[in-house]
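**Student:** this is a predicted model, with the sequence first.
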Amino acid sequence: MTDSTRGPRRLPPASLWPVALSAVAIVVALTGGSFWEYLVGLVLIYSIAAIGLTVITGLGGQISLAHAAVFALGAYVAGILGTRGLLPFPLTIVAGALVGVVAAAVIGLVVGRMTDLAFAIASFGVTIIVQRIATTFTGLTGGFEGLNVPPPTWGGLRLTQASLFGFVLVVFLLSCVVGRRLATGTFGRTLRALSSSKVAAASVGMSGQRLRTTSFMIGGSYAALAGGCYGSWAGYLSPDQFGVSLAITFLSAVVLGGMRSVLGTVLATAVLLGVPQSFQGAGQWTLIGNGLLLVVVTLAIGSKLLPQPVREKLRGRFIPRRAPRPADPADVATAAFRPPASLAVTRQPVLSVRDLSISFGGVAALQSMSLEARGGEVLGVIGPNGAGKSTLLNCVTGVYRPDSGSVTLSDVDITGMPAHRVARAGIARTFQVPQVFSELSVADQLVVSHPTTQGTSLTARVLGTPGARRRAKAVADETRQILDGLGLAAWANEAVTNVPHGSRQLVQLARALVRRPQVLLLDEITAGLPGDEANRLADLFGYLAQDLGIAVLLISHDVPLLMRACDRVVVMDAGTKIADGPPHAIRGDQRVLAAYLGTRQATHG
Amino acid sequence: MHAFVGYLVSGLANGSVYGLLAMAAILVFKASRTANFAIGETGTFSAFALYGAVALTRLPYWVGLLVALVAGAVVALATEAIITRNVRSALLVLIGTLGISDVITGINTVLWSKGEPYQEPSFPQLPDVTLGGVGISGQYLSIFAAVVVICLLLYFLLEHTGFGLNVRAAAEDRDLAALAGVNVRRCVMVMWAAGGALAAVAAVLVAPLSALNVSLMTPLLFNGYAAGILGGLDRLPGGLVGGLGLGVAASLIGGYLSSTAEDAILFAVLIVLLSVRPNGLLGRRVVQKV
Amino acid sequence: MAEPVTAPVADRREGGQALLTVSGLTAGYGGPDVLHGIDLVVGAGEVVAMLGPNGAGKTTLLRALTGLLRARNGSIVLRGKEIGGLSAHRRSAAGLALVPESKGVFPTLSVADNLRVNLPRTRPVERVLTLFPILRERLGQLAGTLSGGEQQMLGLARALLREPAVLLLDEPSLGLAPMIVDLLFDTLDTIAAEGTTILIAEQNVTKALELATRAYLLDRGRVGWHGSAHDALLDTRVADTYLGIADGDGPSVAAE
């Protein structure tokens, strides 16, 4: 593994399996007679929809029972247009897909405000609503009677069942290819980052709302396309085909398929549809079978019963296989930490906090706190536990909205901005308790956080345009440089969950640096790191400030580190600033000693 | 006016059933911070247990009711033991309980689908009453009476017994409760069992009104959860109020607007409400700690 | 890492026979060990202070003692009985009561309910109310609406009601105003004088050492020093660990 930041390891026949599956589908359809032909077509169509749900649920972590509703919308729009002969067949399907995408966008916008559980229930409601609409508007949909969809026509020609099968197969193949690109590409990893830590995702500039909406639109387009195909394939639409049981079938396919594997989802769909059909008479038992399968798979993925490596394997094939285990970075590298000089900021930033106050349930956590941090200096913030240091940081970065006061970054007012916009404005941070994207490798933490990755259009990424590839290469290079510079190169392809606690602080730092921040806020970055490592960090902070011009704000209890690393130290106690000055002056300050040691003599005089 | 009172009463009766399911959902949520989507089918299973005990083996109704309650509690405990205790991710727990739900439906189907629908033995009925010229069915009255008794019982157990206090403490902060010597594991199990028993009661009350079949509770599960979420998933009374509100709203919508689109309109309102108040109408805001 | 230095004082007998004996305790959260073989003794009637900067492992040690965190190695003996394998609620029954850092109350339960959680009916809450008169006025109020100091008092009161063999306190002064801290420590003095055995983790070194008879200094998961509270006040190592003042080049912190 020389190319340490290369994306996920590809399974050897990766690009071939959709073709192989299609070949199997064709053979079964041709030799099995009309029953099997119909069933195989159905499996292909349901698979398309289920792959869409893989994006929403498997990657985005949202349990949606509205997938059946979007599927139904696509089916009805295409079916109604087809019945009236208004559009050629492919355009009816496109129209259905467009309606589905719009509906999915609305669903996605609403979700962001709900908890996961509330959304699961609300999305169930969406399926009910669409089902009732289909029942009620009998003029369009035929209501309970159903809607007979005529055989599709294209350019005046009636498509035979065989050519329709070919059409479905093509849509299926495209869905698989695009689905795989989405799942294994940077977009899929970004969604997984979001679902593993919303706070950390916002801290690297990801807009949760926008990503979620995008994932719903993509998933919705799959469902609506599949729905459009379904109408023509089945030749008949009625509301009871699109109920909750269909939604649960899609969800089951995603879970049984391993949550985020396109191939797995397709195979699971085949099992879920095919097994009950092929074993007539087993009817009553299939529900029990399906249920047990869901239970077993849930336990296999989610429980502690299985050993860690097996679970990882089941969980996602995209976490690279465990590389020969590197030693702790502290033992590997003894050279100074030196991330690339290309991170230098162009304009000297000034972070200025004025009279910030916030209270929680009547308890004032910050009271009129002010401070200023300039590019080129390392500013330490110390204070006893509970002094409000982390609260200050959370107010600056938009995690909390302060009750009063202002935060400006180089004259731009960023007070009360949501966290992802603060991040985009040029502030990067680490968290006291490391917040990493637990489902990604170390290198991918940086790749998904890189402004260039986030700035490349999704279409370009999926199509793999030369521009997108060039940019991905640049991101990979810079990721490698930064990981090298922090002694993390050996861990690059390791799942971040395998990285020891202390080194996760370094991973967070690397992720913050890839943002090319103007201001870097570090919360207890040395916690859990061995002493010599902390010393190397102290030198690193000087380099970041003086050579690169970043404003480094260092919150820490580690007084020796602060003495060594900082140009200036601000002391906080009880939510406000009690001292501000160069380290040696702070060390002798009586108020500081009082705050730390509670020395009575000092308090009184 | 008469029609209105009629809608109100039937809405309250349905709403009490939603409320019972909502309380079951809340108990589970407070115990384990997750949902049990098998709770509806657990109820159906219990309703069949009652039918089996009373209609087939001719046991007295009260014995049958006890059998149903125990069945509900046992199935819920099994769900907890199989899924929740082993799986950490809330998302996977939801899906796992959907799996359990399928298994229970399957078992119900294998055992009972031959002679559907069945006539569930009725809860001891109160006489019909006429209030201001409007007749109220005794069936509804006995549902109200049962729900009132259950609520009083739960209130007494939770608020006026030492064990209830321990349960409330464990639901609020597991670590702190354990430090105070509370056997948290046992409290969690009791809450799950109580949730299963509540689902059983809901099913046993609602089954005589319609026909007992394997999909008896399937549509009600989501109404129950909707009621719980409206109530904030936080306190039991919130779930009951959410359930009653939902029941009455559904009944009025069904009566005055459209009987076919009743649930659709209801869920549309729910979605709007939840996008404005993500923590439910009675829920409390939580500050995320980083 | 330096070897633990034993103070020259024969301190272990100071509190009479050992109530709580911890030996070779190793613990951590998922990752590497946070505690590396802690040895610690608390004698009957003693007040032992556990000092050390944030991250030294004080909270982890208290969690491992009470069973909130499973120890990986080592033994915990309370009143001659090994309790290391018991679950948290059993250890509570065995006689350990911890007032955890900052959130020692159930915020949505009333003050009275907070006190009565898992309390035998025969044990009236009256007796702690004389110690904390302010709680008497607040009995019907939800604990979450109390001030920080009152919440700390409530947590302490609940622990005391359990009549623990050893009372464990985690940073009781955290986030409290100086006046309230004084009040709290006066109360702790009273409790200690009545014979309650206390193990207290505290960042406020002066306060803790005024209360304690003996002290342990934790540094990165190891016992770096232990000895009498009096010696701790004089020992520069304590100041070093906190403020990094080495070789007397800074102002003398603890000693005048």
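**Tutor:** Okay, I see it.
**Student:** so where's the chain uncertain?
**Tutor:** Went with chain A since none was named. A:1-15, A:112, A:278-283, A:303-335, A:361-362, A:528, A:530-531, A:594-605 (pLDDT under 70).
**Student:** you answered for a different chain; I wanted chain C.
**Tutor:** If you take pLDDT under 70 as the line, chain C has these spans: C:1-16, C:30-31, C:54, C:102-103, C:236-256.
**Student:** that one against chain B: which residues are in contact?
**Tutor:** C:66-68, C:87-89, C:92-93, C:97-98, C:100, C:103-109, C:113, C:116-119, C:121, C:158, C:162 (C-beta under 8 Å from any C-beta of the partner chain). For every residue, glycine as well, the C-beta is placed using N, CA and C.
**Student:** give me that answer again for 7 Å
**Tutor:** Within chain C, the positions lying close to chain B (C-beta under 7 Å from any C-beta of the partner chain) are C:66, C:68, C:88-89, C:92-93, C:98, C:100, C:106, C:108-109, C:113, C:116-118, C:121, C:158.
**Student:** helix or strand: which one has the closest residue to A:Glu37 other than its chain neighbours?
**Tutor:** The shortest distance from A:Glu37 to any residue other than its chain neighbours is 4.2 Å, reached at A:Ala29 (C-beta to C-beta, 6 or more residues apart in numbering or on different chains). A:Ala29 is located in helix A:17-31, with elements delineated by DSSP states H and E.
**Student:** identify the residues contacting B:Ile253.
**Tutor:** When contacts are counted by C-beta atoms under 7 Å, 6 or more residues apart in numbering or on different chains, B:Ile253 touches B:262, B:265-266.
**Student:** nearest to A:Thr92, of those residues?
**Tutor:** B:Ile265 (29.5 Å; C-beta to C-beta).
**Student:** top helix in chain C by residue count?
**Tutor:** helix C:178-193 (DSSP state H).
**Student:** give me the buried positions along it.
**Tutor:** Buried residues in helix C:178-193, counted by 16 or more other C-beta atoms under 10 Å in any protein chain shown: C:178, C:180-181, C:183-185, C:187-188, C:191-192.
**Student:** wait, B:Glu116 touches B:Asn213, no?
**Tutor:** Yes. Between B:Glu116 and B:Asn213 there is a contact at 4.6 Å, judged by C-beta atoms under 7 Å.
**Student:** more crowded one of these two?
**Tutor:** Per other C-beta atoms under 10 Å in any protein chain shown, whichever of B:Glu116 and B:Asn213 has more neighbours is B:Asn213, with 20 against 12.
**Student:** tell me the pLDDT of the more buried one.
**Tutor:** B:Asn213 is assigned a pLDDT of 91 by the prediction.
**Student:** mind checking how far it is from B:Phe48?
**Tutor:** Counting by C-beta to C-beta, to the nearest Å, the gap from B:Asn213 to B:Phe48 is 10 Å.
**Student:** for A:Leu540, same thing?
**Tutor:** Taken as C-beta to C-beta, the span from A:Leu540 to B:Phe48 is 68 Å.
**Student:** and what of B:Val67?
**Tutor:** Distance from B:Val67 to B:Phe48, counting by C-beta to C-beta: 10 Å.
**Student:** who has more neighbours, those two?
**Tutor:** With neighbours defined as other C-beta under 10 Å, B:Val67 and B:Phe48 compare such that B:Phe48 has more, 24 against 19.
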